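Trainee: Let's see this in three dimensions:
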Amino acid sequence: MHYDDPAALADDIIAKVGKKIVLALPLGLGKANHVANALYARAAADSSLSLTIVTALTLEKPRPSGEMERRFMGPVIDRLFGGYPDLAYAKALRQGALPANIEVHEFFFLAGRWLGVPRAQQNYIAANYTHALACILDRKPNVVAQLVARRDGEGAARYSMSCNTDLTIDILAARNAGKAEFIFVGEVNSELPFMEHEAEIAPGQIDFILDSEATDFPLFAPPKEPVNLTDYAIGLQAARLVADDGTLQIGIGSMGDAVAHGLILRQQGNGAFREAAERLSPSRASTLQPHEAPFEIGLFGSSEMLVDSFLDLMKAGVVKREVDGAVLHGGFFLGPRSFYRALREMPDDMRAKIRMKAISYVNQLYGDDEPARRAARKNARFINSAMMVTLLGAVISDGLEDGRVVSGVGGQYDFVAQGFALEDARSIITLRATRESGGKAVSNIRWSYGHVTIPRHLRDIVVTEYGVADLRGKTDRDVVAALLAIADSRFQAELLEAAKKAGKIETGYEIPAAFRDNTPARIERALAPFAKQGLLPPFPFGTDLTPIEQLLLPALERLKAASASPMALLRLALRGLSGPELTPDARIALGRMRLDQPSGVKERFYGALLRGVLADS
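Mentor: Sure thing, here's the model as predicted:
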């Protein structure tokens with residue numbers, strides 16, 4: 001049945017399934033927002049209804065904090081998310097206003113966004129991506145609602161799961177096998193690319209369809225994160241670990257973009273790639289053979305998330321190894337507007353080389369066709385990021401030691417396990433050696449931590465900006481030594497002392513001199529020349545930010561760093577009041593922040609601060 005009114009659709013759903021509604025929504029992009037909001041509105045208004053929502057990665061518009069961030073992000077949010085319909089359940093959950101008859105369960109959070117929401121933390125489901133389907137089916141969903149793409153064909157419209165084949169393929173298969181009973185609701189979105197093959201929905205599978213200009217909306221398109229020199233140092237070194245005629249998995253974010261750009265530089269600017277990688281490596285002590293030559297056979301992509309940089313890797317001739325006519329298998333996608341547009345406008349024969357699959361296929365080996373999966377994923381490199389790593393090789397990626405969940409396990413464990421189960425495969429964990437906390441640098445390599453995502457018996461390769469640690473099959477003592485060699489030198493002494501105190505390394509051990517200059521200044525010296533040549537741009541795959549907003553980003557980062565010190569802020573303000581004349585672009589940037597004609601003491605102070613950092617840009 002076709003609908004153009006979400007409220008009427010919600011009424012018919014309730015008439016069909018009754019007053020106890022268990023609604024399953026896809027992870028991330030593919031949520032049927034209008035369907036979910038209509039059912040939420042009915043349940044919020046009628047306490048006799050019970051609504052349970054089972055999902056993951058609820059997308060929300062950015063929420064800036066602080067005066068300067070609000071001034072910067074306000075116009076960006078309006079421009080990029082102005083037409084995106086907020087999910088009513090997320091707003092109520094965040095405000096502590098979720099009615100007692102409504103529950104929300106997620107198995108993966110948007111990173112860091114739900115730390116301070118107790119009800120969300122209490123209802124989190126800890127599950128590997130490959131186990132999430134069973135968790136959903138155990139709750140007996142009677143409604144599954146998803147965004148779909150439509151293509152008008154001869155006689156009847158065709159529909160595609162597009163961005164979310166990940167769990168929906170298997171949920172529909174469970175219904176067809178009599179293992180689940182639910183209404184499948186599709187909400188048509190005109191911006192979704194029509195993905196074929198497994199993504200196409202068989203005729204008769206959709207029970208209700210919501211299709212109206214009034215409910216069409218711009219897809220959620222998070223702005224790209226800038227890639228800094230720390231990320232590039234990690235990405236370039238990780239790119240040396242990827243073998244030709246192999247398989248690649250990467251994730252979203254600046255470190256994933258740095259890896260992808262490193263692979264493209266290896267292909268298209270090989271001399272510069274080799275020189276940059278060499279400048280980053282103080283020693284060849286690693287047992288790993290570097291792969292630095294351009295790709296001849298190329299890579300096959302097997303990645304739960306199809307990130308936009310895969311399209312650039314295809315264009316550059318890096319991802320080109322075909323398996324059954326495809327160069328890439330993915331389970332879901334999310335990215336900038338240009339990414340969705342590129343998929344929509346891609347020639348059919350090229351888009352056919354990207355096949356959206358079930359997570360049960362992409363994230364694991366086991367099944368009737370296991371030999372074929374193993375053969376396809378040869379020389380695999382599964383590259384995932386972490387928050388912290390212990391000195392004994394355990395990886396922390398999803399939560400804090402007090403039990404609060406930052407994001408979720410997702411598919412990281414699945415790919416680490418594949419790294420051990422496949423011949424010639426490796427799991428690579430990328431990690432920034434430090435982070436800022438309270439205005440001070442803190443080591444992300446810890447002696448120990450009260451929570452782990454990947455246990456130390458699955459330790460493999462860890463890459464920081466300072467080097468590569470090959471941990472597989474090594475003794476605890478050698479793991480400690482390898483991770484000390486890629487830790488920031490400001491923290492090496494205390495880490496080494498903790499290891500000695502625990503008896504995990506000999507008391508006379510000293511870190512080799514080659515690894516005692518692990519400092520941000522060394523990374524700056526190594527890579528700044530390449531950045532000045534334009535070889536390491538802050539947005540290697542484009543950005544929705546304007547040139548003036550790109551100019552403001554590093555200035556605001558410097559201002560944020562200075563905010564930890566009152567004296568540093570005072571120096572900036574004085575420089576802004578008495579410093580040199582601003583460049584024309586800097587003056588435009590000041591106007592973009594609405595601080596070119598400040599009124600009142602507060603605005604004059606902020607204006608002076610911003611002029612101070614822009615004067616040094």
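Trainee: Tell me the buried residues in the lengthiest strand in the chain?
Mentor: The longest strand of the chain (DSSP state E) is strand 143-152. Under the neighbour-count criterion of 16 or more other CB atoms under 10 Å, strand 143-152 has Val143, Val144, Ala145, Gln146, Leu147, Val148, Ala149, Arg150 buried. Where you see a C-beta, it was placed from the backbone N, CA and C, and this is true even at glycine.
Trainee: Report the beta-bridge partner residues of the fourth one.
Mentor: Looking back up the chat, that one is Gln146. Beta-bridge pairing for Gln146 (DSSP bridges): Lys31, Gly186.
Trainee: wait, isn't it in contact with Lys31?
Mentor: Yes: if you go by CB atoms under 8 Å, Gln146 and Lys31 touch, sitting 7.5 Å apart.
Trainee: what is in contact with these two at once?
Mentor: Leu25 (CB atoms under 8 Å, 6 or more residues apart in numbering).
Trainee: now the protein, which segments are flagged as low pLDDT?
Mentor: Within the chain, the set of residues satisfying pLDDT under 70 comprises 282-287, 617.
Trainee: those strands in the stretch 301-450 of the chain, which residues are they?
Mentor: Listed in chain order, the strands of the stretch 301-450 of the chain (DSSP state E, counting those that start in this stretch) span residues 328-333, 354-356, 380-385, 388-390, 395-396, 426-430, 434-437, 440-443, 445-446.
Trainee: tell me what the fourth one is packed against?
Mentor: The reference is to strand 388-390. The helices and strands touching strand 388-390, judged by 3 or more CB pairs under 8 Å, 6 or more residues apart in numbering; DSSP states H and E, are strand 395-396, strand 445-446.
Trainee: same question, the fifth one
Mentor: Other helices and strands packing on strand 395-396, by 3+ CB pairs under 8 Å, 6+ apart, are strand 388-390.
Trainee: give me every residue that touches Ala233.
Mentor: When contacts are counted by CB under 8 Å, 6+ apart, Ala233 touches Leu280, Glu465, Tyr466, Ile523, Ala526, Leu527.
Trainee: Please name the nearest non-neighbouring residue to it.
Mentor: Once flanking residues are discounted, Ala233 sits nearest to Glu465: 3.7 Å by CB to CB, 6 or more residues apart in numbering.
Trainee: which residues does that neighbour contact?
Mentor: Applying CB under 8 Å, 6+ apart to Glu465 gives the contacts Thr230, Asp231, Ala233, Ile234, Leu280, Arg432, Ala433, Ile523.
Trainee: how near is it to Asn444?
Mentor: According to CB to CB, to the nearest Å, Glu465 stands 11 Å off from Asn444.
Trainee: list the residues that contact both of those two?
Mentor: Arg432, Ala433.
Trainee: related to what we said a few turns ago, closest to Pro75 out of the buried residues of strand 143-152?
Mentor: Closest to Pro75 out of these is Leu147 (26.8 Å), distances taken as CB to CB.
Trainee: ok so, going back, could you export the buried residues of strand 143-152 as TSV, including distance to Ala239?
Mentor: As requested, the buried residues of strand 143-152 are arranged in TSV below (distance: CB to CB, whole Å):
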residue	distance to Ala239
Val143	44
Val144	39
Ala145	40
Gln146	35
Leu147	34
Val148	36
Ala149	33
Arg150	39
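Trainee: which one among those gets closest to Glu69?
Mentor: Once CB to CB is applied, the member of the buried residues of strand 143-152 that ends up nearest Glu69 is Leu147, at 30.0 Å.
Trainee: can I assume that closest one is in contact with Cys163?
Mentor: Yes: using CB under 8 Å, Leu147 is in contact with Cys163, at 7.1 Å.
Trainee: can you tell me which two in the contacts of Ala233 are farthest apart?
Mentor: Across the contacts of Ala233 (CB to CB), the longest gap, 12.5 Å, separates Tyr466 and Leu527.
Trainee: So which of these two has more stuff around it?
Mentor: More neighbours surround Tyr466 than the other of Tyr466 and Leu527, with 27 against 22 (other CB atoms under 10 Å).
Trainee: Which residue lies nearest the spatial centre of the protein?
Mentor: Nearest to the geometric centre of the chain sits Ile252, at 3.3 Å (CA atoms, centre = their mean).
Trainee: for the nearest residue to Ser303 once chain neighbours are set aside, which residues make a bridge with it?
Mentor: Nearest non-adjacent residue to Ser303, counting by CB to CB, 6+ apart: Gln249, 4.2 Å away. Listed by DSSP bridges, the beta-bridge partners for Gln249 are Phe382.
Trainee: so Gln249 makes contact with Gln412?
Mentor: No: if you go by CB under 8 Å, Gln249 and Gln412 don't touch, sitting 10.2 Å apart.
Trainee: got any residues that touch both of these two?
Mentor: Common contacts of Gln249 and Gln412 (CB under 8 Å, 6+ apart): Asn384.
Trainee: Show me the strands in the stretch 451-600 of the chain, by range?
Mentor: Ranges of strands in the stretch 451-600 of the chain, per DSSP E, counting those that start in this stretch, are 461-464, 467-470.
Trainee: okay, those strands in TSV with distance to Leu484 next?
Mentor: Listed next are those as TSV, based on distance: least, CB to CB, whole Å:
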stretch	distance to Leu484
strand 461-464	11
strand 467-470	9
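Trainee: Using CSV, please lay out these together with mean neighbour count and distance to Ala375.
Mentor: Converted to CSV, the strands of the stretch 451-600 of the chain look like this (neighbours: other CB atoms under 10 Å; distance: least, CB to CB, whole Å):
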stretch, mean neighbour count, distance to Ala375
strand 461-464, 25, 23
strand 467-470, 24, 26
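Trainee: just so I know, which of those strands lies nearest Glu196?
Mentor: That would be strand 461-464 among the strands of the stretch 451-600 of the chain, by CB to CB, at 35.9 Å.
Trainee: So which elements touch the closest one?
Mentor: helix 229-239, strand 426-430, strand 467-470.
Trainee: Restricting to C-alpha, output it in PDB.
Mentor: Extracted as PDB, the C-alpha positions of strand 461-464 are listed here (Å, rounded to 0.1, in the frame of the first residue of the first chain):
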ATOM      1  CA  ILE A 461      49.900  -4.500  14.300                       C
ATOM      2  CA  VAL A 462      49.600  -1.000  15.900                       C
ATOM      3  CA  VAL A 463      50.500   2.200  14.100                       C
ATOM      4  CA  THR A 464      51.000   5.600  15.700                       C
END
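Trainee: what are the pairing partners of that strand, and which direction each?
Mentor: With DSSP bridges as the test, strand 461-464 is paired with strand 426-430 (parallel), strand 467-470 (antiparallel).
Trainee: ok, the residue nearest to Gly438 when sequence neighbours are not counted - contacts?
Mentor: Among residues not flanking Gly438 along the chain, Ala564 sits closest, at 6.7 Å (CB to CB, 6+ apart). Residues counted as contacts of Ala564 (CB under 8 Å, 6+ apart) are Gly438, Gly439, Lys440.
Trainee: right, and out of these, which lies closest to Thr546?
Mentor: For those, the residue nearest Thr546 by CB to CB is Gly439; the value is 29.4 Å.
Trainee: Next, find the distance separating that closest one from Ser565.
Mentor: From Gly439 over to Ser565 the distance is 7 Å, taken as CB to CB.
Trainee: now swap in Asp517 and tell me
Mentor: Distance from Asp517 to Ser565, counting by CB to CB: 26 Å.
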